[in-house]
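Enquirer: need a 3D model of the following:
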Amino acid sequence: MKRLCLTLLALAACAPAAQAQHGVTVYGVADLAVVRDTDSGVTTMKVDSGLQTASRLGFRGYEDLGDGMAASFVIESQIEADTGTPSFGSKVFGSQVWVGLSGPLGAVRMGRMFTPYFGAIATNDPFDAKGPGEATRLFQDSGVRMDNTIKYSLPPSWGGFYADLAYGFGESGVGQRAKRQLSMDAGYAAGPLNTVLAYHQTNDGQGRQLVRSVLAGGNYDLGKLRAWLLLARNRNDGTLDTYDYLLGVSVPLGVTTLAATYVRKQDRLLANADAQQLALGFYYPLSKRTNTYFIASDLRNDALARYQASVPGGDRRLFACGMRHQF
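Expert: The predicted structure follows:
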């Protein structure tokens, strides 16, 4: 933490007076689908939001401070587009809110943001960790977002190498360890190859480790298809020990893209508590901003597992037909 604070002070000391305000950009996504959901034999039909990408409305800004320095911010609200309500209840801007300073030494951001660990999953999941096929239906995501966070990122000038270190203050009266989160990733992305290592630790309200997760993976463009691989292990001090696996492919078929994954959860402490998921998706662009999609998944639990199911040993099958518009 001392190094992060010193880096932030160094970045601020190097920054001259503001030179150029690049303005504020309004952006967003509207994503809705008709979904057929079969949970342990009970089927429902519904219109749902965010089956390919979370529906959201955001504002981002960038200011050139000169000499390679820049200030930036993002304020983003995730929306349930089928009802118009915020996805995070009272957190109207619960998707992410942060302000940052970047320069030759890297970038420092503060606020609520995605964890580097979840970012490592999402960038190596053909379904972008969203919707019926997302890896996090079985993968331990250890918290998609972190509150009260300070994050340092390497500058983008390291020849394809990247790394992020994020610390989430628990802000609990119990002690500094209570509700604390620590998340990091490091990898290489250049040309057809993207590889990553990631780590995440979450503490409970008493300062004990709820989970610590280690992940390795990547994806590689083979020309006619892109191959995807993720491996992760999740543990704590005695009640959790699981492995997560993902194998995937994405194939361009003219303007259409086909994606398919096999995801498995293996429990090392409990017998008959594993689960697996097969998923298939088709994406067809109508324009640069609008596309239609068809995504199906079949998740099956062992007798003592109940991932995404209402009863132990239950299955969960989803089929979504939808449209996404980005602006």
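
Enquirer: so, low pLDDT: which residues of the chain?
Expert: 1-22 (pLDDT under 70).

Enquirer: could you pick out the longest strand of it?
Expert: strand 20-39 (DSSP state E).

Enquirer: that one: which residues count as buried?
Expert: By neighbour count on 16 or more other C-beta atoms under 10 Å, the buried set for strand 20-39 is 28-33, 35, 37, 39. Yep, even glycine has a C-beta here, placed from its N, CA and C like the rest.

Enquirer: how about stretch 250-266?
Expert: 250, 257, 259-261, 263, 265-266.

Enquirer: send the alpha carbons of it over as PDB?
Expert: Once non-C-alpha atoms are left out, stretch 250-266 reads as follows in PDB (Å, rounded to 0.1, in the frame of the first residue of the first chain):
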ATOM      1  CA  SER A 250     -15.000 -19.200 -31.000                       C
ATOM      2  CA  VAL A 251     -15.300 -19.500 -34.800                       C
ATOM      3  CA  PRO A 252     -16.100 -16.800 -37.300                       C
ATOM      4  CA  LEU A 253     -18.500 -18.000 -40.000                       C
ATOM      5  CA  GLY A 254     -18.800 -15.200 -42.400                       C
ATOM      6  CA  VAL A 255     -20.300 -12.300 -40.400                       C
ATOM      7  CA  THR A 256     -21.700 -14.800 -37.800                       C
ATOM      8  CA  THR A 257     -19.600 -15.900 -34.800                       C
ATOM      9  CA  LEU A 258     -20.100 -19.200 -33.100                       C
ATOM     10  CA  ALA A 259     -18.900 -19.700 -29.500                       C
ATOM     11  CA  ALA A 260     -18.900 -22.900 -27.500                       C
ATOM     12  CA  THR A 261     -17.500 -23.800 -24.000                       C
ATOM     13  CA  TYR A 262     -17.200 -26.700 -21.600                       C
ATOM     14  CA  VAL A 263     -17.000 -25.600 -17.900                       C
ATOM     15  CA  ARG A 264     -16.400 -27.900 -14.900                       C
ATOM     16  CA  LYS A 265     -16.400 -27.400 -11.200                       C
ATOM     17  CA  GLN A 266     -14.600 -30.100  -9.100                       C
END
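
Enquirer: which residues touch it?
Expert: 125-127, 133, 135, 137-139, 224-226, 228, 242-249, 274-285, 305, 307 (C-beta atoms under 8 Å, 6 or more residues apart in numbering).

Enquirer: can you tell me which of these are buried?
Expert: Buried among the contacts of stretch 250-266 by 16+ other C-beta under 10 Å: 125-127, 133, 135, 137-139, 226, 228, 242, 244-246, 248-249, 274-277, 279-281, 283, 305, 307.

Enquirer: so of the contacts of stretch 250-266, which ones are in strands?
Expert: Filtering the contacts of stretch 250-266 for strands - DSSP E - leaves 226, 228, 242-249, 275-285.

Enquirer: endpoint to endpoint, stretch 284-295 covers what distance?
Expert: 12 Å (C-alpha to C-alpha, to the nearest Å).

Enquirer: give me the residues contacting that stretch.
Expert: 33, 51-52, 127, 131-133, 255-256, 279-283, 318-327.

Enquirer: likewise stretch 210-221?
Expert: Counting by C-beta under 8 Å, 6+ apart, 117, 120-121, 124, 140, 142, 187, 191-204, 226-236, 240, 244, 246, 248 sit against stretch 210-221.
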